[in-house]
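> could you work out the structure for the sequence below:
(one chain, ligands or ions: 1)
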Amino acid sequence: MLLQVENVSKSFHKGQQVLQHVNVYVGHGEIVGLVGESGSGKSTLAKIIMQLERANQGHIYFNDVEITKKNCSSFYEHCQLIFQNATAALNPMWTVKESLLEPLQYKKTVTNNDLHAMLDKVKLPVAVLNCLPNELSGGERQRVNLLRSLLVEPKLLVCDEIVSSLDRLTQREIIDLLITLNKEQHMAILFISHDLKAVSYLCEHLYVMKDGKIADEGKKEHGVFQLTNSYAQKLFQAMG
Ligand SMILES: Nc1ncnc2c1ncn2[C@@H]1O[C@H](COP(=O)(O)OP(=O)(O)OP(=O)(O)O)[C@@H](O)[C@H]1O
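Presented below is the predicted three-dimensional model:
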């Protein structure tokens, strides 16, 4: 198993349990969805996985090694998080080229040819390298953000609502790109979203969250998730 979230619980204030005994598993090269209503605890779980928040209880394992604050820098070489607000993730003063090269400065040399090949992969023109974030569209910014994470060649990409603010066509292009990266680089994806259509299209395995608990989980068979919990079934019936 690549990622194991074991029995994670979290409360910010006394009495308000945001996550309760959550177990989530992502296999090598697997695309796993996590859906749930607004406030069900999805982003909090993503932050706990990435060691940006501390769980009150439970453990995170990556490749069977427990992730803690102490060893998380090597974890970040293999696991990257991207989130909805691509603008906030990019330094407004840096050109795209500076933003792309910054996470790699101590790791490996990236030639202009490597950069151009990667830009091509995420369907961005070479001209964006000299642009500042505010000179790009929302879709372009999210592609830059994605590319920034991909240059590290992660084994797992955690995506928190990354297509929610984009139009349907751009959403589809980014999701198709994720599918290509998954196939070509065997990169696993934890795709957190409240967009059931996007999740149904992309994911093979799904967790449904409700009020901080995993209400159901199921694999996709013949294009349909096999869910047994009545809340989870209703969610998908409502989608039509
Ligand atoms: N830093 C914090 N301090 C206090 N409460 C918080 C904090 N972060 C999240 N919460 C609370 O935890 C609950 C879950 O929030 P979270 O952002 O994880 O939900 P979500 O499922 O990601 O929602 P959305 O789909 O709207 O992003 C909410 O009630 C939220 O107010």
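> secondary structure class for residue 54?
Here residue 54 is recorded as coil under DSSP: H, G, I helix; E, B strand; the rest coil.
> contacting residues for the closest residue in space to residue 48 that isn't next to it in sequence?
When the adjacent residues along the chain are set aside, residue 48 lies closest to residue 55, with 5.0 Å between them (CB to CB, 6 or more residues apart in numbering). From N, CA and C alone the C-beta is placed, and that goes for glycine too. Contacts for residue 55 (CB atoms under 8 Å, 6 or more residues apart in numbering) come out as 8, 9, 10, 19, 48.
> of the residues you listed, which pair is most distant in space?
Of all pairs drawn from those, the widest gap by CB to CB lies between 9 and 48 and measures 9.8 Å.
> neighbour-wise, which of those two wins?
Set residue 9 next to residue 48 and count neighbours by other CB atoms under 10 Å: residue 48 wins out with 24 against 17.
> care to break the chain down by domain?
Taking automatic domain parsing as the reference, the chain has its domains at 3-78+154-239, 91-153.
> which of the ones you listed sits closest to residue 85?
Distance to residue 85, taken as CB to CB, is lowest for domain 3-78+154-239 among those, at 7.9 Å.
> residue 49 contacts residue 5, doesn't it?
Yes - using CB atoms under 8 Å, residue 49 is in contact with residue 5, at 6.5 Å.
> joint contacts of the two?
Listed as contacting both residue 49 and residue 5 by CB under 8 Å, 6+ apart are residue 60.
> which one's more surrounded, these two?
Higher neighbour count among residue 49 and residue 5: residue 49, with 26 against 23, using other CB under 10 Å.
> quick one, phi psi at the closest residue to that one other than its chain neighbours?
Using CB to CB, 6+ apart and skipping residues adjacent in sequence, the residue nearest residue 49 is residue 60, 5.7 Å away. Main-chain torsions, residue 60, degrees, to the nearest 10: phi -120, psi 130.
> residue 5 in helix, strand or coil?
Secondary structure, three-state DSSP: residue 5 is strand.
> not counting its neighbours along the chain, what's nearest it?
Nearest to residue 5 is residue 24, by CB to CB, 6+ apart, at 4.1 Å.
> re the thing from before, quickly list what the residue nearest to residue 49 is bridged to.
residue 5 (DSSP bridges).
> pretty sure it is touching residue 46, no?
No - look at residue 60 against residue 46 with CB under 8 Å: they stay out of range, at 11.2 Å.
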